[in-house]
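# any chance you can model this:
(2 chains)
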Amino acid sequence: MPTIPKSLSAPYSGIYPTVHNMPDQCPLCDRRKEPPSDFCTFHGAALKNLEEAYAIWTKAFDGQLTKEEYYAKVLARSETGRAIRDLINYIRAQGAGG
Amino acid sequence: MVTTLVVTEKPDAALHVAEALSVKSKPKKVNVDGVPFYEVEQDHDRILICSALGHLYAVATKGTEPRSHYPVWDFEWKPKHLVEKGQNRQQKFIESIAEVSREADRFMNACDFDLEGSVIGYTILKYACNGADEKAQRMKFSTLTTKELREAYEKPMPALDYSLAFAGMCRHEIDWLYGINLSRALTQSALKASRRYSTLSTGRVQGPTLRFIVEREQEIETFVPVPYWKLKTMLDVDGKRVEAQYEVDRFDVKSRAERVLKDCAGKTGCVAKLESQVLRVSPPTPFDLSTLQSESYRHIGLSPRAALGFAERLYLDQLISYPRTSSQKLPPSIGYQEILRGLEQMNAFRTDVQSLKNVQRLVPNEGRKEDPAHPAVYPTGSSPRRMLEPREWKLFDMIVRRFLATFGQTATKQSERATIEIGDHVFFLYGSRILERGWISLYGQYAKFEEVTLPPLKERQQVTVKKILVEEKFDQPPARYNPSSLLRVMEEAEIGTKATRADIIDTLFRRGYVKEQRMVATPLAFRVTEILAKYCPKVLDVTFTRELETKMEAIERGSQTRESVVQETVEYLKPIFADLKGKEEQIGNELTTIISGMWQSSITLSVPCPKCGSALRVVRNPKTRKRFIGCSGRWEKKCQFGLPVPQFGTLTLLEKRCPHCGFQIIQVRSKGRRPLISCPNCYVNRTRGERPLQEVAVRPPPAK
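Here you go, the predicted model:
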């Protein structure tokens, strides 16, 4: 009998199942975008928190912190919210693609 | 001979009333069509005591409109068995009470003295006893003790407490208007869009309560931790190591913390100042229901609903006073000395009660909250007549100790602070100890105080810095609500009542809006809250809900009428539902994804197929309609893996894994049975003789 691995993702890992079928859909969930933002209100709030916290992090390290280092540090923390993780991964993927 | 019919709320209460009123002989138990009545002879008069089973009547749609129709504004009170399924016993109770009431000349409502009790008594007297409410009297009591019940019977209120009954009925009617219309709007919108029926509910109090949980979840999901630094400093005082705290609690810039570290490392400190302060700690206030529920959760781990359930059983056993109270007052009329004499008879409390005997005048430390109907929760002084189950005993023990503690002496605590200078930097050592235990001894294990003893210190004494380092810390996201903290938030927001809050929290779990003890909001909770906030924000508005509570309190005081409050609510809701009706399609579309996502996750296992790695799902055989766990790789990968599951009951996939094989555990719930929790993988291997069953309890399905 094969052993069943214990770490498996649930059917969907985010707040919402992401099914993309609308042109004005948030790239991270199935809510609508709230222009001028590229995201829905929920992920827009997450983006605002992420940007505000960057200013605090930079000050904490005397200005010696790049955005990529910041993302890596935030992702390494267990306290980081799921929406923030999704957002960082999305921004990184966009950066790599672009 | 006059025949009096006394209506009580529950069968246990009927027995206590009967026992209290029968002075000479035991009450006679009579069965009318399987419904128990008690008959008591008193001074040539006959008293018949009957009981309800909680509410026997409920609000329902007037007429015979289909269940899917909304909005509905016309309602009436109907026998509960005509409104809800599975209420056959209620039907028998109504019929029996109606039959017995024909013999009665005098009527008495002896249901619990609160909103619900008044509604139960009023509806039975009005509808089952053919308008007997007009001549009925009201018994008022806070405990089911013989003394209080006799007094309540001998000196009843001359008429029913109509204001209380109407306030209670108004609450039921408004909640029904909100609940039925909103829930039907959501359910019908989802049904029309997805063709899948799923019960979605919300209500006047449920909506704002769910919003609290969702908003907290949003804060957690969008939380970005921010770093800060703390200095951890260990000092050596005459060979004893103590931890000192720097004058600044946290550094927001790392380099500043490192600078202090550099300045202090390797230096010797000096005790600059020693301070101490004596603090007085007042006894706790008596228990109102909310505090009782919070403390039960904290010390015994009981959910608010479970705590209320146990407290009601203790009340019906005559051990405590009526628990559904907002009062924090203990008036002398409850008889402090008599209660203490009763408690002294119990070994567990004897020593503590005796310690109170030295107190010259017993004065409880009362809180601010008042309740016109009942005092705070207190023990009656009676000893348990049956073996209490462990959690029940703990709750009883806590209620008794709280009662004793409220009469206790003020405790005194000494807090000490030593100021240590290391170079130009200031550190502190803190200590605290209890000088006089006072009420703390009486409250026992439920009073928690941490004592920190400082080593003997003198001013200008030298201390060595043994270790100093900078610790990196991070801000934490806010904690999720648990049933107890949510109950407090509801109370602070003044939504719901002491009697309904625990049930509302329970409904949130039942409807799949929250899961786990930490109350994690599910995607469905997010979506329903967002839809309500978008299409009918007024429904989630705590202010309006609070205003309604105030109006219902005004009915209790007699300054508002039930009809006007209901009419105002209908006028408020009408435009909201007209608007919702026109947006059914949009709402339905927004709900569809989430419902199908929820449905998918409810049938998809979190473990993959052990043969091919595809997802496993609970599916049905199209021919036999039997359900089983099947592999989704059946067509693509030709995987034949499958496991049987029980064919009866509601099947839920639990988050737990089997300790033997790691497979997902399932739960099957069916009415009247204990839930069956089992590992389908171990079960099938056991039956095939491949693997012996170990710790996981597996029971085969019953034989047909």
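# only C-alpha atoms for contact and neighbour calcs from this point on.
Noted.
# near chain A, which residues of chain B?
Where chain B comes near chain A, counting by CA under 8 Å from any CA of the partner chain, the residues are B:218, B:220-228, B:252-255, B:476-477, B:522-523, B:593-594, B:597, B:600-601, B:604, B:606-608, B:610-611, B:661-663.
# now list the buried members of those.
B:218, B:220-228, B:252-254, B:477, B:522-523, B:593-594, B:597, B:601, B:604, B:606-608, B:610, B:661-663 (16 or more other CA atoms under 10 Å in any protein chain shown).
# out of those, which are inside helices?
Secondary structure assignment by DSSP state H places B:Gln218, B:Ile220, B:Glu221, B:Lys254, B:Pro523, B:Thr593, B:Ile594, B:Gly597, B:Ser601 of these in helices.
# who's in contact with the third one?
Read it as B:Glu221. Counting by CA atoms under 8 Å, 6 or more residues apart in numbering or on different chains, B:Glu221 touches A:Thr80, A:Gly81, A:Arg82, A:Ala83, A:Ile84.
# show me the contacts for the closest residue to it other than its chain neighbours.
Among residues not flanking B:Glu221 along the chain, A:Gly81 sits closest, at 4.0 Å (CA to CA, 6 or more residues apart in numbering or on different chains). Taking CA under 8 Å, 6+ apart as the criterion, A:Gly81 is in contact with B:Ile220, B:Glu221, B:Thr222, B:Phe223, B:Val224.
# if I look at A:Gly81, how far off is A:Lys73?
As judged by CA to CA, to the nearest Å, A:Gly81 and A:Lys73 stand 13 Å apart.
# so where's the longest helix in chain B?
Ranked by residue count, the top helix of chain B under DSSP H comes out as helix B:162-194.
# other SSEs contacting that one?
On a contact count with 3 or more CA pairs under 8 Å, 6 or more residues apart in numbering or on different chains; DSSP states H and E, helix B:162-194 meets strand B:57-61, helix B:115-123, helix B:542-557, helix B:562-582, helix B:584-603.
# looking at the ones in helices among the buried ones among the residues of chain B next to chain A, spot the one nearest B:Phe407.
For B:Phe407, the closest of these turns out to be B:Ile220, at 42.6 Å, with distances computed as CA to CA.
# just give me the residue closest to the centre of chain A.
A:Leu87 (1.7 Å; CA atoms, centre = their mean).
# for that residue, report the pLDDT, please.
At A:Leu87 the predicted local distance difference test score is 94.
# and if you look at the one 10 residues further on?
The predicted structure scores A:Gly97 at 48 on the pLDDT scale.
# ditto for B:Leu540
77.
# ok, it touching B:Phe212?
No. With the criterion set as CA atoms under 8 Å, B:Leu540 and B:Phe212 do not qualify as a contacting pair; they are 10.0 Å apart.
# look at the two and report which has more neighbours.
B:Leu540 (22 against 15; other CA atoms under 10 Å in any protein chain shown).
# what number of residues lie near residue 48?
In the absence of a named chain, chain A is used. By the other CA under 10 Å criterion, the neighbourhood of A:Lys48 contains 12 residues.
# wait, I meant chain B there
Residues near B:Leu48, counting by other CA under 10 Å, number 25.
# which SS state does it fall under?
Secondary structure, DSSP: H, G, I helix; E, B strand; the rest coil: B:Leu48 is strand.
# mind listing the helices for chain A?
Shown for chain A, the helices assigned by DSSP H span residues A:41-60, A:67-76, A:82-97.
# in a markdown table: these, plus distance to chain B.
As requested, the helices of chain A are exported to a markdown table (distance: least, CA to the nearest CA, whole Å):
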| stretch | distance to chain B |
| --- | --- |
| helix A:41-60 | 4 |
| helix A:67-76 | 7 |
| helix A:82-97 | 5 |
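# in CSV: the contacts of A:Gly81, plus pLDDT.
Shown next, in CSV, are the contacts of A:Gly81 (pLDDT from 0 to 100):
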residue, pLDDT
B:Ile220, 95
B:Glu221, 94
B:Thr222, 96
B:Phe223, 97
B:Val224, 97
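# in what helix or strand does B:Tyr315 lie?
B:Tyr315 belongs to helix B:304-316 when elements are defined using DSSP states H and E.
# what is that helix packed up against?
Packed next to helix B:304-316, using 3+ CA pairs under 8 Å, 6+ apart, are helix B:289-299, helix B:390-406, helix B:483-492, helix B:501-510.
# wouldn't B:Ala257 be in contact with B:Lys232 here?
No. Contact criterion CA under 8 Å: B:Ala257 and B:Lys232 do not qualify, at 10.6 Å.
# return every residue with contacts to both of those two.
Applying CA under 8 Å, 6+ apart, one finds that B:Ala257 and B:Lys232 are jointly contacted by B:Val470.
# between the two, tell me which one has more neighbours.
It is B:Ala257, of B:Ala257 and B:Lys232, that has more neighbours when counted by other CA under 10 Å, with 21 against 15.
# wait, is the more buried one part of a strand?
No. Under three-state DSSP, B:Ala257 falls outside any strand and is assigned helix.
# and for the spatially closest residue to it that is not a sequence neighbour, the neighbour number?
Nearest in space to B:Ala257, with sequence neighbours left out and distances taken as CA to CA, 6+ apart, is B:Phe251 at 6.0 Å. Neighbours of B:Phe251 under the rule other CA under 10 Å: 19.
# thank you kindly, that will do.
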